[in-house]
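>>> Sharing a model prediction with you, sequence too.
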Amino acid sequence: MRRVVSVWFPTLPADRLRRLGGGAPIGTPLITAAHDARRQIVAAVDATAAALGLRAGMALAQARALVPGLAICPAEPDADAAALRHWAGWCLRYAPLAAADPPDGIWIDVTGSTHLLGGENRLLRDLINRLTAQGMEARAAIADTPGAAHAAARFGTASRIPSDTTHRGATRAALVPLPIDALRLPAATCDGLRRLGFERIGQLLATDRAPLVRRFGARVATRLDQALGLVFEPIVPVLPPERAQARLTFMEPLLTEAAFATVIARLAASVCAALETTGQGARRLDLLFERVDGSVQAIRIGTARPSRDARHLTRMLQERLERVDPGLGVEAMRLIAVQTDALIHTQTETRLADADPPEADIAELVDRLSNRLGADRIYRAALVESDVPERAVRRVPALRPATRMTWPPDWPRPVRLLDPPQPIDAMALLPDQPPVAFTWRRLRHRIRHADGPERIAGEWWKRDGEMRSVRDYFRVEDEDGRRFWLFRRGDGSDPTTGDLRWFLHGFF
């Protein structure tokens, strides 16, 4: 079942001005003004102005009289439309299909992609949190149709209308109590319906369509059917021109995987050639299948590092063709490099005979495993800024971009850590001598070589118990050549730093 998110920016013009530094300070009521050929009117208001009773469409003179000290900026419809297109492109991080819904909204077709962020509720929460952090007031709702999502975001109380595949009639039930303004009808049509006594969508749904169509035209019936999913409403995706992309149209609609695979190879070659001219590599690719019924199917792949290897990208896309439903046929296909990073040329074939062998490259393996099993099931170890060894590493998705942090070069770390560290019996001279022998799991190890100590203090800002705690680490090797990482709790002189017990923390 299709799932569509509608994002509403109730104060888009004011938020845009404040982001540019051209509006009033936060807390000062801000409006934009325009001329309607007769007088100056309020074009848009921010949240503060709305709370004071100002609204779009009222006379500017009236607004000034109601709110002294009002900040007024000229309305800029073209700039607002450009900002809306910008945010629609920004929303492509959530799904391959996003489009502007003028004058103040965005649609995102998230069919099949909600699991990437842990479900629909988490996706909506992440979306709103990110927009709010960037100074944009926003509301969002998700439903089976663009019309229902649009209505819920602006007039509903719930941000999620359950899918009708599991909740029969959920979309209809959610639309019934909403006002007729939620149907995206012209203001004149809504005024005419109100004069006839229609206030809620439920009243329209319970009325014979023929008289409504004769009096108000077919738009009323079309909007009702689109909201209920009886008539398909396409979303034309926004395609930022600066992104590498390629599109092919067909004389006859395609239906088979073999035909799709051939087209994918051509599209990947074109996109990789475009990426090479800019020195970029693809990190995320969206493949769109434009069906003859006006709908769009999409698949998305990601890479562990930037790539413009057409063979590798083609193979990954072809492996996901089983998820595509061609319907009555696909009349065009488009491949877009949604996310790219700089890619440095490396020598891969010719090298000197005595040169060191190249490091094993597992990036393609990671890509294919993530593509087959799901990006949320493949992880790698990433560095965390912490001196405490068990806190210095965490699991992150394998396809997440690498950071600039590196492992400490001065003191090597073991390839395997024990969590928690295992207690051992050790013999050592205080305060800073390594142990001469230790016993772990009833097996005694006599130490032949040792290096240390490396002192690691507790992170007092995390817990009060670590205010004075100290660990002294030693790298030791026993008589059989096995190497261990041991530490003593305490500095050997001050009892408040630790109880002087020994632990085994890892193996080299």
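All right, it came through fine.

>>> ok, and the closest non-adjacent residue to E290?
The shortest distance from E290 to any non-neighbouring residue, by C-beta to C-beta, 6 or more residues apart in numbering, is to A332 (4.1 Å). C-beta: built from backbone N, CA, C; applies to glycine.

>>> Just the buried residues of the strand or helix carrying T189, please?
Per DSSP states H and E: T189 is located in helix 187-195. Under the neighbour-count criterion of 16 or more other C-beta atoms under 10 Å, helix 187-195 has T189, C190, L193 buried.

>>> Run through who's touching it.
By C-beta atoms under 8 Å, 6 or more residues apart in numbering, the residues outside helix 187-195 that reach it are I180, D181, L185, L204, R215, F216, G217, R219, V220.

>>> Does the fourth one touch A227 like I think?
What that stands for is L204. No. L204 lies out of contact with A227 (C-beta atoms under 8 Å); the separation is 10.3 Å.

>>> one step back: please produce a PyMOL select command covering the buried subset of the contacts of helix 187-195.
Buried residues among the contacts of helix 187-195 (16+ other C-beta under 10 Å), as a PyMOL selection:
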select buried, resi 180+181+185+204+216+220
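
>>> Out of the contacts of helix 187-195, which two sit at the greatest distance?
In those, two members sit farther apart than any others by C-beta to C-beta. They are D181 and R215, at 18.2 Å.

>>> residues in contact with R2?
D109, T111, D144, T145, G229.

>>> just checking, what packs against the helix-or-strand element of the chain with minimal mean pLDDT?
Of all helical and strand segments in the chain, the minimum by mean pLDDT, DSSP states H and E falls on helix 363-373, at a mean of 75. With contacts defined as 3 or more C-beta pairs under 8 Å, 6 or more residues apart in numbering; DSSP states H and E, helix 363-373 has these neighbours: strand 296-307, helix 310-318.

>>> what are the pairing partners of the helix or strand hosting S6, and which direction each?
Using DSSP H and E, S6 falls within strand 4-8. Its sheet considered, strand 4-8 pairs with strand 105-109 (antiparallel), strand 139-143 (antiparallel) by DSSP bridges.

>>> who wins for proximity to Q40 among the ones you listed?
strand 105-109 (26.3 Å).

>>> from the chain's centre, how far out does that closest one sit?
Its chain's average C-alpha position is 14 Å from that of strand 105-109, according to C-alpha atoms, centre = their mean, to the nearest Å.

>>> after it comes which helix or strand?
Next along from strand 105-109, by DSSP H and E: helix 120-133.

>>> Now do the strands in the stretch 201-350 of the chain.
Applying DSSP state E, counting those that start in this stretch to the stretch 201-350 of the chain gives strands spanning 245-254, 280-291, 296-307, 330-342.

>>> Residues contacting the first one, please?
Translated: strand 245-254. Contact with strand 245-254 is made by 239, 260, 263, 266-267, 270-271, 274, 291-292, 326, 328-337, as judged by C-beta under 8 Å, 6+ apart.

>>> Quick one, which of those residues are buried?
Here, 16+ other C-beta under 10 Å leaves 239, 260, 263, 267, 270-271, 274, 291, 326, 330-337 buried among the contacts of strand 245-254.

>>> Quick one: closest of the helices and strands packed on helix 363-373 to H150.
For H150, the closest of the helices and strands packed on helix 363-373 is strand 296-307, at 18.3 Å, according to C-beta to C-beta.

>>> Next, the angle from that closest one to strand 330-342.
Relative orientation of strand 296-307 versus strand 330-342 (axes from the mean of the first three to the mean of the last three C-alpha atoms, to 10 degrees): 30 degrees.

>>> so where is this structure shaky, pLDDT-wise?
22-24, 116, 165-168, 239-241, 344-361, 375-376, 399, 401-411 (pLDDT under 70).
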